[in-house]
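Engineer: Compute the structure for the input listed below.
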Amino acid sequence: MAPPALQKQYMSSGDKPKKAVAEPRPSASILLISPINQILLLHRVRTSSSFPSAHVFPGGNLSASQDGDIPSPTDPSRHLDGPAYRLGAIRECFEESGILLAKKNDGSGSILEVPEEERERARKDIHAGKLRFADWVRDQGGIVDSGMFTVMEEAGEGNVN
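Structural biologist: So this is what the prediction gives:
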């Protein structure tokens, strides 16, 4: 039997209100590997609310306003690869590292290049929710390079083609 001090720590009084447990938000990460097999890891800050000081792949929570339709918790596709997960991972990678995975929208297949000053401004505005990532990429003359889909914007909503 545990000492009384330890018993007290683990006993529930039953009088305390139970905290509501929020539904976990879906998230996505991306693994970037260079042609010479280098892997991109980001070092989280010590004061981070989740995984402080950890080395992680770029990624984070999905956002319906940024990434489009997110499968509901009861949808079987909630845990399958899909457009919202890919767009979310690519957006988070851009926000966190400045690496933009987008092609020119001219059919050339060339990488979309954006001046550093504009890229940095957009990273902050996208992270703050002031600017939609797919809209910004399109305005720069590009398309998100997900290897799966192209996000087209109509009336502020992402449609997958």
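
Engineer: Strands along this structure, start to end?
Structural biologist: Using DSSP state E, the strands of the chain run over 27-29, 42-43, 55-56, 59-61, 102-104, 142-144, 151-154, 157-160.

Engineer: Least reliable of those by average pLDDT, please.
Structural biologist: Mean pLDDT per stretch puts strand 151-154 lowest among these, at a mean of 36.

Engineer: tell me the contacts of the residue nearest to Ser63 when sequence neighbours are not counted?
Structural biologist: Spatial nearest neighbour of Ser63, chain neighbours left out: Gly88 (7.0 Å); criterion: Cβ to Cβ, 6 or more residues apart in numbering. Using the backbone N, CA and C atoms, a C-beta is placed for each residue, glycine as well. Applying Cβ atoms under 8 Å, 6 or more residues apart in numbering, we find Gly88 in contact with 27-28, 59-63, 66-67.

Engineer: what's the answer for Glu96, then?
Structural biologist: Neighbours of Glu96 in contact, by Cβ under 8 Å, 6+ apart: 42, 58, 60.

Engineer: Okay, it and Lys124: tell me how far apart.
Structural biologist: 12 Å (Cβ to Cβ, to the nearest Å).

Engineer: who touches Leu112 in this structure?
Structural biologist: 100, 102-105, 137, 140-142.

Engineer: do Ser65 as well
Structural biologist: Contacts of Ser65 by Cβ under 8 Å, 6+ apart are 129, 132.

Engineer: That one and Glu96, how far apart?
Structural biologist: From Ser65 to Glu96 the distance is 18 Å (Cβ to Cβ).

Engineer: neighbour-wise, which of the contacts of Leu112 leads?
Structural biologist: Val137 (28 neighbours; other Cβ atoms under 10 Å).

Engineer: so who does that residue touch?
Structural biologist: 100, 102, 112, 143-144, 151.

Engineer: ranking the contacts of Gly88 by neighbours, who comes first?
Structural biologist: That'd be Asp67 among the contacts of Gly88, by other Cβ under 10 Å, with 27 neighbours.

Engineer: quick check: mean pLDDT across the longest helix along the chain?
Structural biologist: The longest helix of the chain (DSSP state H) is helix 83-97. For helix 83-97, mean pLDDT rounds to 96.

Engineer: repeat for stretch 114-129
Structural biologist: 97.

Engineer: Other residues contacting it?
Structural biologist: 63, 65-66, 91, 94-95, 98, 100, 131-133, 136, 140.
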